[in-house]
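Enquirer: Here is the input, now give the coordinates:
(one chain, ligands or ions: 1)
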Amino acid sequence: MENSNLLIRHMREEDIPKVYEVERKSFPFPFGEVLIGNIFYAAPELCFIIERDKKIIGFLMAGYTPIPKRVHILSIAVLEESRGQGLGRKILTYFLNSIRKLGYLSVKLEVNIDNNKAIKLYEEFNFKIESKIRKYYQDGSDAYLMIRVENEK
Ligand SMILES: CC(C)(COP(=O)(O)OP(=O)(O)OC[C@H]1O[C@@H](n2cnc3c(N)ncnc32)[C@H](O)[C@@H]1OP(=O)(O)O)[C@@H](O)C(=O)NCCC(=O)NCCS
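Expert: The predicted structure is shown next:
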């Protein structure tokens, strides 16, 4: 997807360090660069980046689950200075359209129960809170497990 100087595309191997930088700046307990690489190598077709003027400013990485037709969003972030401009919504829309083409009908993710911004975004896309996972994060805070199921038609 191209929009003036904005581009959403599949992530490539050479993007790993830049994606890690966005991850590191976005989370108190970020995934390490090696883990980012492992997620990418496991399912590059489920990993996307958003760039402006050829600079990576956001990403979404997902992986497969043992449940048929379900994928797992493992991390999504937009650099702080670029938030609130609809980019999170854009990359999520792009991702959902892409996985639909691959035949995937449901998506799960975990989100900190205090992360109202992200929860609101996911609810807008019909993700529903399925359960609460106690002490999911390293600091002992809880997560919601959220799931979105698309009608099979
Ligand atoms: C969550 C995140 C990816 C959203 O990206 P973004 O580009 O800022 O999101 P958008 O601008 O597309 O906003 C989409 C929706 O998110 C919600 N949202 C965004 N900013 C918000 C704010 N300041 N307050 C409340 N809701 C907000 C709203 O529902 C918004 O829709 P609206 O503009 O119609 O109100 C981004 O905030 C981020 O990187 N956060 C840090 C990492 C993180 O928490 N990731 C999620 C882990 S599960």
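Enquirer: Need the pLDDT of Met1.
Expert: What the model reports as pLDDT for Met1 is 64.
Enquirer: no no, Lys153
Expert: Note for Lys153: predicted pLDDT of 56.
Enquirer: List the buried residues of stretch 58-76.
Expert: By neighbour count with 16 or more other C-beta atoms under 10 Å, stretch 58-76 contains the buried residues 58-62, 69-76. To be clear about C-beta, it is placed using only N, CA and C from the backbone, and glycine gets the same treatment.
Enquirer: just how off-centre is stretch 91-104 within its chain?
Expert: Mean C-alpha position of stretch 91-104 versus that of the full chain (C-alpha atoms, centre = their mean, to the nearest Å) differs by 12 Å.
Enquirer: host element of the nearest residue to Glu80 once chain neighbours are set aside?
Expert: Closest residue to Glu80 apart from its sequence neighbours, by C-beta to C-beta, 6 or more residues apart in numbering: Lys25 at 6.9 Å. Lys25 belongs to helix 16-26 when elements are defined using DSSP states H and E.
Enquirer: for the nearest residue in space to Asp114 that is not next to it in sequence, what are its contacts?
Expert: Counting by C-beta to C-beta, 6+ apart, Asp114 lies nearest to Ser141, which is 6.9 Å off, once chain neighbours are set aside. Neighbouring residues of Ser141 by C-beta atoms under 8 Å, 6 or more residues apart in numbering: Asn112, Ile113, Asp114, Lys135.
Enquirer: Which parts of the chain are strands?
Expert: Under the criterion DSSP state E, the chain contains strands at 2-3, 6-10, 47-52, 55-64, 70-78, 106-112, 128-133, 143-149.
Enquirer: do you know which of the ones you listed lies nearest Phe29?
Expert: strand 106-112 (10.3 Å; C-beta to C-beta).
Enquirer: Can you tell me which residue of the protein sits closest to the ligand?
Expert: Gly88 (2.4 Å; C-beta to the nearest ligand atom).
Enquirer: check contacts around that residue.
Expert: Taking C-beta under 8 Å, 6+ apart, we find Gly88 in contact with Gly58, Ile76, Val78, Ala118, Leu121.
Enquirer: circling back: pipe the strands of the chain into CSV and attach distance to Leu96 per row.
Expert: Converted to CSV, the strands of the chain look like this (distance: least, C-beta to C-beta, whole Å):
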stretch, distance to Leu96
strand 2-3, 18
strand 6-10, 12
strand 47-52, 11
strand 55-64, 10
strand 70-78, 10
strand 106-112, 7
strand 128-133, 15
strand 143-149, 8
